[in-house]
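Asker: When you get a sec, could you give me coordinates for this:
(2 chains)
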2 protein chains.
Amino acid sequence: MNSKQIRIGIAGYGNLGRGVEAAIAKNPDMALVGVFTRRAPELVKTLSAQTPVHAIADLPDYRDVIDVLILCGGSKDDLPHQGPEMAAMFNIVDSFDTHARIPEYFAAVDAPAQANRKTALIAIGWDPGMFSINRLYGEALLPDGATYTFWGKGLSQGHSDAIRRVPGVKAGVQYTLPSLEAIEQVRSGARPELTTRQKHTRECFVVLSEGADAAAVEQAIVTMPNYFADYDTTVHFISEETLREEHNSMPHGGFVIRSGNTSEANAQVIEYSLQLDSNPEFTSSVLVAYARAAYRLSEQGQFGAKTAFDVAPGLLSIKSPAQLREELL
Amino acid sequence: MNSKQIRIGIAGYGNLGRGVEAAIAKNPDMALVGVFTRRAPELVKTLSAQTPVHAIADLPDYRDVIDVLILCGGSKDDLPHQGPEMAAMFNIVDSFDTHARIPEYFAAVDAPAQANRKTALIAIGWDPGMFSINRLYGEALLPDGATYTFWGKGLSQGHSDAIRRVPGVKAGVQYTLPSLEAIEQVRSGARPELTTRQKHTRECFVVLSEGADAAAVEQAIVTMPNYFADYDTTVHFISEETLREEHNSMPHGGFVIRSGNTSEANAQVIEYSLQLDSNPEFTSSVLVAYARAAYRLSEQGQFGAKTAFDVAPGLLSIKSPAQLREELL
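Answerer: Numbering: from 1, shown residues only, chains lettered A, B, ... in the order given. Prediction:
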């Protein structure tokens, strides 16, 4: 470990934690102190055999050797207690993504972070995160306008879980698809009013349990309230083998489009889009860039909870401000 | 004028100054103190008859009533002296866009701004500006990758000037077009090496002087070094009437695409694009949003020269941090 490197800890080792481990290896100004897990450390297989694995209960002992702890747990069960707890001991970055509960989570993390002079970047990733920033930029740069967010093509974990709960379904995945027609309308500057059904469609790939009635399963899926009833949903029945071979990755992405007018005559369109082979690996890569910002903010004495809205772009880069002005401006 | 509004002055009243006047009207937390011009004030016709027009020489008298002065002069002749001069008296925002001279201009503005406790946001707009931010975000989020900037379709002022200097040319305009084929290659994640000729083409619409030789004019244009020789250039000859009717707007735009890998298996593509009916009006709208940030930074005591890299997204929005977290995150 280079003495000038930012020392990172990873709390939780699922898809996101693995992605963070991979991303740290691509950032030469960072070093990985170790993975901290609730499982028995000796049972965790990391990407690199060199990565130390410790029990999460031992984290307090690492207060002096971790500059930023990246929380890789889930927003439902892990972060609501882990975020506030860890922000009392470490500078943290997390990907809390329950949009509706962000204000309450922000407050819960802010108090211990402020009290202990720690910097906590919450709700980092791409949505919330990069998409949020682009919604903000769009609104600020074109105040007379409308913002549209489209997601996909992408695997939705929540909707995949929902179809797997339908009786007769053995396994399955769900993809959210943006309507290309709706996107073209938005890009034209027309500022259309779009219903839920007009913006996205849903596509399910389902493996039936033995003896299950395909028509009944399909009906149960497409009429499921909250998840599918408001969308045009297509259900494909496939074999377990096809599921394993063709649906084993986690692609995602989407579009944030702001369409507005600077005068009656002139329409302007801003578009930001992501096309991701791996949703968790991209989210992890964003978390690691923001860990650099968390470290710098804490060095500047900027403590408390913050979001992507509070982080100047330059804080994310490995390059110095002068180098950035010379090379990228 | 509302006592809580940010009070803006406009220095210089060409396309950019007019755009700033229009943009201020769309931002209810801002008020326009007036336009400051080198021309005789009574000869300047503003968009709104209510806008006061003053001589630029009188600006020092307005030190206490202007919160942020937006400099709307050109990067070649006006800003190099105006920027440092005005940054000694006002918080400023400008659109200095000579990329190669930004470090030197930054230093020239930073010294008087620091000495007089003023905030100076330089090189604001879309390139430099929003495109620069997206080049930075791309590199920071996907360190193992390549960044591509494409411009157009857009009217290029510099290239239009160049064709108008060719003997036999009475009038004309030039459009830069991005190669859609190159863009598709980049979007595929292939990280191609692209030559200048492969990235953009140039299209000229020319009105000939009476008796001029079309073939000779075309040859002079397409072989012109620096401007056209390295590109595939098409020249169309049109009438003065067609030029006036079909080529009187200033569209522009472009794409910043970052393509990178988070692991060997997974490629990720980030794309930011602008499609602008009016290049100057959009630039003006960006300047006005950054004027809000300049005001807030100066209130926080953050003095000196800064660029878009130093401005957290939240500072651009009329909304409060809590409102932003609730509505846009």
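
Asker: When you work out contacts or count neighbours from here on, use the C-alpha atoms and nothing else.
Answerer: Noted.

Asker: Could you point out which residue ranges in chain A have low pLDDT?
Answerer: A:1-3 (pLDDT under 70).

Asker: Which single residue of it ends up nearest chain B?
Answerer: The nearest approach of chain A to chain B comes at A:Ala312, 3.7 Å away (Cα to the nearest Cα).

Asker: Could you pull up the residues touching that residue?
Answerer: For A:Ala312, the contact set (Cα atoms under 8 Å, 6 or more residues apart in numbering or on different chains) comprises B:Phe309, B:Asp310, B:Val311, B:Ala312, B:Pro313.

Asker: Make TSV from the residues you listed and add secondary structure to it.
Answerer: Formatted as TSV, these follow (DSSP: H, G, I helix; E, B strand; the rest coil):
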residue	secondary structure
B:Phe309	helix
B:Asp310	helix
B:Val311	coil
B:Ala312	coil
B:Pro313	helix
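
Asker: most surrounded residue in the residues you listed?
Answerer: Within the contacts of A:Ala312, neighbour counts (other Cα atoms under 10 Å in any protein chain shown) peak at B:Phe309, which reaches 27 neighbours.

Asker: ok, and what's touching stretch A:266-279?
Answerer: A:131, A:134, A:138, A:187, A:189, A:249-262, A:282, B:266-278, B:282.

Asker: what's the answer for stretch A:124-138, then?
Answerer: Stretch A:124-138 has contacts (Cα under 8 Å, 6+ apart) with A:93-97, A:99, A:123, A:147, A:256-258, A:270, A:272, A:282-284, A:286-287, A:290, A:307-309, B:313-314, B:316-317, B:324, B:328-329.

Asker: Show me which of those are buried.
Answerer: Neighbour-count burial (16 or more other Cα atoms under 10 Å in any protein chain shown) applied to these gives A:93-97, A:99, A:123, A:147, A:256-258, A:270, A:272, A:282-284, A:286-287, A:290, A:307-309, B:313-314, B:316-317, B:324, B:328-329.

Asker: Those in strands, which ones?
Answerer: A:Val93, A:Asp94, A:Thr147, A:Val256, A:Ile257, A:Arg258, A:Ile270, A:Tyr272 (DSSP state E).

Asker: Now do the buried residues in the helix ranked longest in chain A.
Answerer: Ranked by residue count under DSSP state H, the longest helix found in chain A is helix A:279-299. Residues of helix A:279-299 classed as buried: A:279-298 (neighbour count, 16+ other Cα under 10 Å).

Asker: same thing with stretch A:149-157?
Answerer: A:Thr149, A:Phe150, A:Trp151, A:Gly152, A:Lys153, A:Gly154, A:Leu155, A:Ser156.

Asker: Please compute how far that stretch lies from its chain's middle.
Answerer: On the basis of Cα atoms, centre = their mean, to the nearest Å, stretch A:149-157 sits 12 Å off its chain's mean C-alpha point.

Asker: for the stretch 151-300 of chain A, what spans make up the helices?
Answerer: A:157-164, A:180-187, A:196-199, A:214-222, A:240-246, A:279-299 (DSSP state H, counting those that start in this stretch).

Asker: Distance to A:Gly83 added to those, as CSV?
Answerer: Output for these, formatted as CSV (distance: least, Cα to Cα, whole Å):
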stretch, distance to A:Gly83
helix A:157-164, 22
helix A:180-187, 37
helix A:196-199, 33
helix A:214-222, 35
helix A:240-246, 35
helix A:279-299, 15
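
Asker: where along the stretch 1-150 of chain A do the strands fall?
Answerer: Using DSSP state E, counting those that start in this stretch, the strands of the stretch 1-150 of chain A run over A:6-11, A:30-37, A:53-55, A:68-71, A:91-94, A:119-121, A:145-151.

Asker: Pick the most deeply packed of these.
Answerer: When you average the neighbours per residue for each of those (mean count of other Cα atoms under 10 Å in any protein chain shown), strand A:119-121 leads with a mean of 33.

Asker: elements contacting that one?
Answerer: strand A:91-94, helix A:102-115, helix A:279-299, strand A:304-306 (3 or more Cα pairs under 8 Å, 6 or more residues apart in numbering or on different chains; DSSP states H and E).

Asker: what do you get if the cut-off is 6 Å, keeping everything else the same?
Answerer: strand A:91-94, strand A:304-306 (3 or more Cα pairs under 6 Å, 6 or more residues apart in numbering or on different chains; DSSP states H and E).

Asker: strands paired with that strand, and their directions?
Answerer: Sheet pairing of strand A:119-121 (DSSP bridges) gives strand A:91-94 (parallel), strand A:304-306 (parallel).

Asker: Kindly report the residues of chain A close to chain B.
Answerer: A:128, A:132, A:140-141, A:266-277, A:285-286, A:289, A:309-314, A:316-317, A:328-329 (Cα under 6 Å from any Cα of the partner chain).

Asker: Might you report the residue contacts of A:Asp29?
Answerer: Counting by Cα atoms under 6 Å, 6 or more residues apart in numbering or on different chains, A:Asp29 touches A:Gln5.

Asker: Tell me how many other residues surround the nearest residue to A:Ala111 once chain neighbours are set aside.
Answerer: Among residues not flanking A:Ala111 along the chain, A:Gly304 sits closest, at 7.2 Å (Cα to Cα, 6 or more residues apart in numbering or on different chains). Counted by other Cα under 10 Å, the residues lying close to A:Gly304 total 24.

Asker: leaving aside the residues next to it on the chain, what's closest to the residue nearest the centre of chain A?
Answerer: For chain A, A:Gly125 is the residue whose C-alpha lies nearest the centre (Cα atoms, centre = their mean; 3.8 Å). Among residues not flanking A:Gly125 along the chain, A:Thr283 sits closest, at 4.8 Å (Cα to Cα, 6+ apart).

Asker: now do A:Ala182
Answerer: Nearest non-adjacent residue to A:Ala182 (Cα to Cα, 6+ apart): A:Lys199, at 6.0 Å.

Asker: Please state the backbone phi and psi of A:Arg117?
Answerer: phi 50, psi 50 (degrees, to the nearest 10).

Asker: Contact partners for the closest residue to it other than its chain neighbours?
Answerer: Computed as Cα to Cα, 6+ apart, the closest residue to A:Arg117 that is not its neighbour in sequence is A:Phe303, at 5.4 Å. The neighbours of A:Phe303, taking Cα under 6 Å, 6+ apart as the test, are A:Gln114, A:Arg117, A:Lys118, A:Thr119.

Asker: Near the second one, how many other residues are there?
Answerer: I take that to be A:Arg117. For A:Arg117, using other Cα under 10 Å, the count is 19.

Asker: for the first one, same thing?
Answerer: Look at A:Gln114: counted by other Cα under 10 Å, it has 17 neighbours.

Asker: Okay, and the beta partners of the residue lying closest to it once chain neighbours are set aside?
Answerer: Residue nearest to A:Gln114 in three dimensions, not counting chain neighbours: A:Gly304, with 4.5 Å by Cα to Cα, 6+ apart. Note on A:Gly304: beta-bridge partners by DSSP bridges are A:Thr119.
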